[in-house]
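J.: predicted structure and sequence below. I'll ask about it afterward.
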Amino acid sequence: RYLEQPELSAKFDITLYVNETSENVGLTLLYNTALFQEARMADLLQQYHLLLQQIVDNPARVLSEYALVTERARTVLPDPSARLSKQWQGTIFERLDQWAAAQPDQPAVIDPNVLWTYQELSANSNRLARFLQSCGIQKGDVVAIYGQRNAALVCAILGVHKAGAATLILDPVYPSARLQQYIDATEPAGWLTFTQGDAPAAEVQTRAARFAARCQLALPNAPRAVAQTLAAYSAEPCAVMVGPDDLASITFTSGSTGQPKGVLGRHGSLSHFYPWMTQRFALTSADRFSLLSGLAHDPLQRDIFTALWVGAQIHVPDGVALWQPGYLPRWLAAQQITVAHLIPSMVHVLALESSETQLPALRQALFVGESLTQQHVRQVRQLAPNVNIINLYGASETQRAVSYHVVPNIVPNGATDHAHRERPTQAQPKSQICLGVGMPGAQLLVLNARQQPAGIGELGELYMHSPHMALGYWRDAALTAQKFIPNPLGSGTLYRTGDLGRYLADGQVEFAGRGDQQVNVRGYRIELAEIEAALTALPDVRSAVVVATHKETAAQQIVGYCVANGAQTLEPRRIRDQLADKLPTHMTPAQIMVLPEIPLTPNGKIDYAALPAPNAASLHGERHRPPRDAVEQQLAQMWQQLLGVDPVGLDDNFFRLGGHSILAVQLFSQMRKEFGVDLNIGLLFRYPTLAELAAVIKETPVASAAPVANDAENLVCIQRGHAQQPAFFCVHGAGGHVMFMQEWKAYFTGWSIWGFESLHVDGFFDAEETVEQIAQNYIRNLQKVQPHGPYFLGGYSGGGILAYEMARQLQEDGEELDLLVLLDTYHPNIRSAPSDWPTRIKHIMQEPAQTLSRFMVDNVVHPLRRWYLLNRYVKRNLRVPIEYREPLLAYFFIQAKNQYVPKRAKPPVLLVRSQDVVSSYRHAGPLLGWDGMIDNLHVVEVPGNHFSLVKEPGIQFLAQALKNAYGQLVGAPQTEVQALESHSH
């Protein structure tokens, strides 16, 4: 019985009083209401009563064999013997084709460079499927895709599925050795890459070609270019029947044996939950989804396929700019994203830069991959007041999240946990959001050590019960049998997650840590044993142990402890560098600590509690230099807080201490608040040590002061070359920065490359500046580096107009120019041509809401924002926040360009035009509007579009064109490319 006797008192949080009479035994429970809920205490008494009954009935049994599932609990807990629906919902690509027929012109995928409609995505994926079949690809084969964060990736995945094959997506950020492991394990019959983005390393390309010699293709990113590349193949669907148990993908995760394990994804699991999710979360074709997941991470499928199932748009961010401070919230707002799949780590990035950016359009935020806390929820709701937050739980082995919890709108404050290690398992913070309950067709079970249902509050292992899970592991029957077990309580299969948890009073599940050596770091599931195996494989390491650390003020980190082999001396930096060549970044230990021996308990097991806490001193030993002044001390404190390392010295490297892109964004946001400096996050790669970064801070003017001029302040040295080789000075595009030129180094060996950055990237603007004045200022800085000609000058996009005016002024002053290069630069009089009225009316009729929305953004929101920025910052000579600078730079440049009337110039000019021209600019003609303006004009066309022209891999074509033109027109050595077109006037 549950009794209330206020006259009793207790000195403890829970006290049980037993009152025995001649008729019965009464139980009275006193508890601290600040810690425990009444419903849970009632359950506890019932469980105690049930336990006593079982002891009386079967006194000889072991205590652990008694059940704690009460009659009331049976009404709220899932029944493991229940038969679950196996309904097959069809393939994702069939659903895509249905939408393509219903809404052919609806945008399907949009990245920073291109837009694909549903019709284009359907037709081109059909062409790709037929190409693969023509190469001999059959049902069940594996096709490797060297992934890039672009629109064509979606087409590649769908094309492989339509051919009946399975995808293996390789993420370029992984070490080459790791990618070769995946290729060797799966022996892919096909090999797909992309013309846009980084090319695979030579050894990866060679390894893939060994298995896929007859089936290789590099896909362009633009739909029209893909159609041209695959013009020989029909756009009609293939006659391949795909069923629910057919192989759809292989996704590699960390393995406890030291080798990664490949999860075999089924087609049935990909689509089963979408009809329910569509209804439960009101997903429609009007939604806009973001693609933010890692390319080789199974949530990528969720990002893509959920949107395609409902006929919505997928928006792909710029992979390079994604982790720049302020980019992510600004991009989410600009794209009006309504549904976002996130990991909790991203919340810190969003929250840091959200003071002037809100996300009113975001209505569904689905989290998975890491523990979601009440702090995360509060931060997201401050940023997106209309958002509905869902906590999901799943694994690569389930292919989809199989449980969910909709977070209530009012979240109470939760306690924070103190520092602890994740291994061995310890209690998690009470502020964590629960995992919820299984979706229809799935159950999230908590079973005890005997694989029997756990009672409410009883700690147990989490199992997933569903017919919609992966097929097992690639060529590993033993591991498949170990993790995918027959349901001991009924029919079907259970997947053992290795996670610990407990049922709450309402039947929802609370996460309670790991029961094995597996951890989650930034959404990636990692086997610590695999890292230990990689460490002990090094010749100088005798033994090793790896742990994941938690601190309430710092991000989770992986720390490796090593013992030297014999008399060898272990250098932590060298060990970490060796691991970085073999393991992905998220698996490389943030710190390596060298010990004389691994501490053991009296019974011979590893004594994790005796392992020393990680500290930066372990990296540099006797070389530790402490901070010397206030700036260095304050910066060191920031590092200590973010990285969980103490002490931090002048020579410590941010990345070697475990820093990564998410933490870098947080660091630079803190620096802006504490020091008043607004720096580009790319500086951290150039100045990664504490001493170097502190020096940059001390030399940078604070944000509240006007910028201080210095020698050639906007001329950035990208690469210093040989004196006898060309020195090329290139002006930025309309966005003002020169970050894209960093990729040029490998293609201009021996050349000196200088980039003109806008004088206003620091956030201070001059609204009245003209093209002539900008050119004059740039010449002044140019001549601080090279006082006299002959000059080799150029400009990208709108920067070519500035370079043109610079060349004209230089020649007017009597200076010589070897060559002026215009990189896809249109004459300033050329304007974007509007769509014809029939096309406009068609769009309005098909998408009235979206057309109105775009009209309001372009004609109301953007002008109002500019008015606010002009009056709030520019007119008062205050620094504009970083998230608004690039749009303002482009706006002011366009204003200046529209007033500019160019005069004839006489230097030899090379016009480099891109092959793929945006339809609204085709009226400019082959000379991009420069007809009759330039006496000595030469034209060369290179593959790609306006944006890919200056980035990898398009930069290789540009480099060849520049070298060839310089050789022909100036007389330097040249390389072979297409001939120049000469246009003299």
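T.: Looks like it arrived, so ask away. Numbering: from 1, shown residues only.
J.: any idea how far Asp287 is from Leu372?
T.: From Leu372 across to Asp287, the span is 22 Å (C-beta to C-beta, to the nearest Å). Backbone N, C-alpha and C define where each C-beta goes, glycine included.
J.: cool, and Pro486?
T.: 40 Å.
J.: ok, now Leu583?
T.: Distance from Leu583 to Asp287, by C-beta to C-beta: 37 Å.
J.: counting neighbours, go ahead and name the busier of those two.
T.: With neighbours defined as other C-beta atoms under 10 Å, Leu583 and Asp287 compare such that Leu583 has more, 23 against 20.
J.: secondary structure element holding that one?
T.: Under DSSP states H and E, no helix or strand contains Leu583.
J.: check contacts around it.
T.: In this structure, Leu583 makes contact with 175, 178, 531, 534, judged by C-beta atoms under 8 Å, 6 or more residues apart in numbering.
J.: kindly report the same for Gly319.
T.: Neighbouring residues of Gly319 by C-beta under 8 Å, 6+ apart: 148-149.
J.: next, it: secondary structure please.
T.: coil (DSSP: H, G, I helix; E, B strand; the rest coil).
J.: got a pLDDT number for it?
T.: Looking at Gly319, its pLDDT is 80.
J.: same thing with Pro325?
T.: Pro325 is assigned a predicted lDDT (pLDDT) of 71.
J.: what ranges does the stretch 751-900 of the chain have for its strands?
T.: Along the stretch 751-900 of the chain, counting by DSSP state E, counting those that start in this stretch, strands occupy 752-756, 791-796, 817-823.
J.: next one: the stretch 201-350 of the chain
T.: Counting by DSSP E, counting those that start in this stretch, the strands of the stretch 201-350 of the chain are 216-219, 247-253, 261-266, 288-290, 313-315, 339-342.
J.: and for the longest one, what's in contact with it?
T.: In other words, strand 247-253. Applying C-beta under 8 Å, 6+ apart, the contact partners of strand 247-253 are 140, 142, 161, 166-169, 182, 185-186, 260-267, 270, 296-298, 301, 396, 471, 474, 525, 527.
J.: what do you get if the cut-off is 7 Å, keeping everything else the same?
T.: Contact with strand 247-253 is made by 140, 142, 161, 166-168, 182, 186, 260-267, 270, 298, 301, 396, 471, 474, 525, as judged by C-beta atoms under 7 Å, 6 or more residues apart in numbering.
J.: circling back: neighbour-wise, give me the winner out of the contacts of Leu583.
T.: Ile531 leads the contacts of Leu583 on contacts (other C-beta under 10 Å) with 26 neighbours.
J.: now do the same contact list for Arg363.
T.: 338, 386-388 are the contacts of Arg363 under C-beta under 7 Å, 6+ apart.
J.: selecting buried members of those in ChimeraX, what would you type?
T.: Buried residues among the contacts of Arg363 (16 or more other C-beta atoms under 10 Å), as a ChimeraX selection:
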select :338,387,388
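J.: quick check, nearest of the contacts of Arg363 to Lys86?
T.: Asn388 (29.5 Å; C-beta to C-beta).
J.: wait, a strand at Arg542?
T.: Yes - the assignment for Arg542 is a strand, going by three-state DSSP.
J.: could you report the neighbour count for it?
T.: Neighbours around Arg542, by other C-beta under 10 Å: 15.
J.: re the thing from before, quick one: which of the contacts of Leu583 is nearest to Ser134?
T.: Among the contacts of Leu583, Arg178 lies closest to Ser134 (C-beta to C-beta), at 31.2 Å.
J.: find the nearest non-adjacent residue to that closest one, please.
T.: Nearest residue to Arg178, sequence neighbours excluded (C-beta to C-beta, 6 or more residues apart in numbering): Pro584, at 6.0 Å.
J.: and what of Gly566?
T.: Arg542 (7.4 Å).
J.: in the stretch 801-950 of the chain, which spans are helices?
T.: Counting by DSSP state H, counting those that start in this stretch, one finds helices in the stretch 801-950 of the chain at the ranges 837-846, 848-856, 862-872, 885-899.
J.: of the contacts of Arg363, which one scores lowest on pLDDT?
T.: Out of the contacts of Arg363, that is Asn386, at 91.
J.: hmm, Gln364 and that residue touching each other?
T.: No - applying C-beta atoms under 7 Å, one finds Asn386 not in contact with Gln364, separated by 9.9 Å.
J.: give me the neighbour count for His737.
T.: 19.
J.: wasn't it part of a helix?
T.: No - assessed with three-state DSSP, His737 is coil; it does not lie in a helix.
J.: dump the contacts of Arg363 to TSV, plus distance to Leu77 and secondary structure.
T.: Converted to TSV, the contacts of Arg363 look like this (distance: C-beta to C-beta, whole Å; DSSP: H, G, I helix; E, B strand; the rest coil):
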residue	distance to Leu77	secondary structure
Thr338	35	coil
Asn386	34	coil
Val387	30	coil
Asn388	26	strand
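J.: which one of the contacts of Arg363 is nearest to Val785?
T.: For these, the residue nearest Val785 by C-beta to C-beta is Thr338; the value is 48.7 Å.
J.: how much space between the closest one and Ala534?
T.: Taking C-beta to C-beta, one finds Thr338 at 42 Å from Ala534.
J.: Asp13 now?
T.: Asp13 is 45 Å from Ala534, by C-beta to C-beta.
J.: one more: Val310?
T.: 42 Å.
J.: what do you get for Ala60?
T.: Note on Ala60: its distance to Ala534, by C-beta to C-beta, is 49 Å.
J.: and for Leu969?
T.: Separation of Leu969 from Ala534 (C-beta to C-beta) stands at 53 Å.
J.: picking that back up, hmm, the residue nearest to Gly566 is touching Tyr561, no?
T.: No - contact criterion C-beta under 7 Å: Arg542 and Tyr561 do not qualify, at 11.8 Å.
J.: mutual contacts of the two, please.
T.: By C-beta under 7 Å, 6+ apart, no residue touches both Arg542 and Tyr561.
J.: related to what we said a few turns ago, quick check: pLDDT value at the residue nearest to Arg178.
T.: 72.
J.: and it, how many neighbours does it have?
T.: Burial of Pro584 is recorded as 20 neighbouring residues (other C-beta under 10 Å).
J.: what do you get for the one 10 residues further on?
T.: One way to gauge burial is a neighbour count; for Val594, by other C-beta under 10 Å, it gives 17.
J.: name the SS class of Asp651, please.
T.: Put simply, Asp651 is coil when judged by three-state DSSP.
J.: from Ala60, how far off is it?
T.: Distance from Asp651 to Ala60, by C-beta to C-beta: 66 Å.
J.: give me the more crowded residue out of those two.
T.: The neighbour count for Asp651 versus Ala60, taken as other C-beta under 10 Å, is higher for Asp651 (15 against 5).
J.: surely that one touches Thr689?
T.: Yes - here Asp651 reaches Thr689: they are 5.8 Å apart, a contact under C-beta under 7 Å.
J.: so which bits of stretch 35-50 are buried?
T.: Neighbour-count burial for stretch 35-50 [16+ other C-beta under 10 Å]: 41, 43-47, 50.
J.: pick the one among those residues closest to Pro200.
T.: Closest approach to Pro200 among these (C-beta to C-beta): Asp43, at 56.8 Å.
J.: which SSE is the closest one in?
T.: With DSSP H and E as criterion, Asp43 is part of helix 38-57.
J.: for that helix, packing partners?
T.: strand 25-31, helix 71-74 (3 or more C-beta pairs under 7 Å, 6 or more residues apart in numbering; DSSP states H and E).
J.: and these: which comes nearest Gln666?
T.: Checking those against Gln666 by C-beta to C-beta gives strand 25-31 as the closest, at 39.8 Å.
J.: and the angle from the closest one to helix 38-57?
T.: Put simply, strand 25-31 runs at 150 degrees to helix 38-57, going by axes from the mean of the first three to the mean of the last three C-alpha atoms, to 10 degrees.
J.: domains in this structure, by residue range?
T.: 14-66, 115-242, 542-614, 625-699, 715-833+899-984 (automatic domain parsing).
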